[in-house]
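I'll drop the sequence and a predicted model, then ask my questions.
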Amino acid sequence: MIDMQYIYELEAELDVMKLSENYIEIKSLLQQSPQEQWSYEMILVYARALNYLQDYSDQTDPFEQAYVLLQTVADKGTSDADWHLIMASVSFNLQLYAEAVQHAEQANTIIAGCADDMLELYSQYND
């Protein structure tokens, strides 16, 4: 059974860490709790941390790990600009340029202009 109070407290702590962009602590904190208890927001934060940290110490590709993790919540992410922005960045880092452009365009559809910088960069690679 999922302890919702624990989840709420963990999400509040993560919100503070997100403001300071402390991705090392975010990753560490989330690794201490079972992944099956992570909320949608926690998955997004962890995927973003993997994308920024690029830590290969556990011998797994952090971009691939983030990509797979984001796929687990794709049903919720289809209408979420943040999900598309993170997926665009992860896809770009995996050299999936056409997919990165698609996610950036979808993010822009949800929130106008939020991925303009990404699209400018990604379009150089998507030929």
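Everything's here; your move.

elements contacting the strand or helix carrying Glu41?
Element membership of Glu41 [criterion: DSSP states H and E] is helix 40-53. If you count contacts as 3 or more Cβ pairs under 8 Å, 6 or more residues apart in numbering; DSSP states H and E, helix 40-53 packs onto helix 4-19, helix 23-31, helix 62-71, helix 81-93. From N, CA and C alone the C-beta is placed, and that goes for glycine too.

so where is the protein shaky, pLDDT-wise?
Scanning the chain for pLDDT under 70 picks out the ranges 1-21, 54-59, 126-127.

switch to 90 and redo it
Across the chain, the ranges flagged by pLDDT under 90 are 1-42, 44-46, 48-62, 82, 121, 123-127.

mind listing what's buried along the helix holding Glu41?
In terms of neighbour count (16 or more other Cβ atoms under 10 Å), helix 40-53 has its buried residues at Glu41, Met42, Ile43, Leu44, Val45, Tyr46, Ala47, Arg48, Ala49, Leu50, Asn51, Tyr52.
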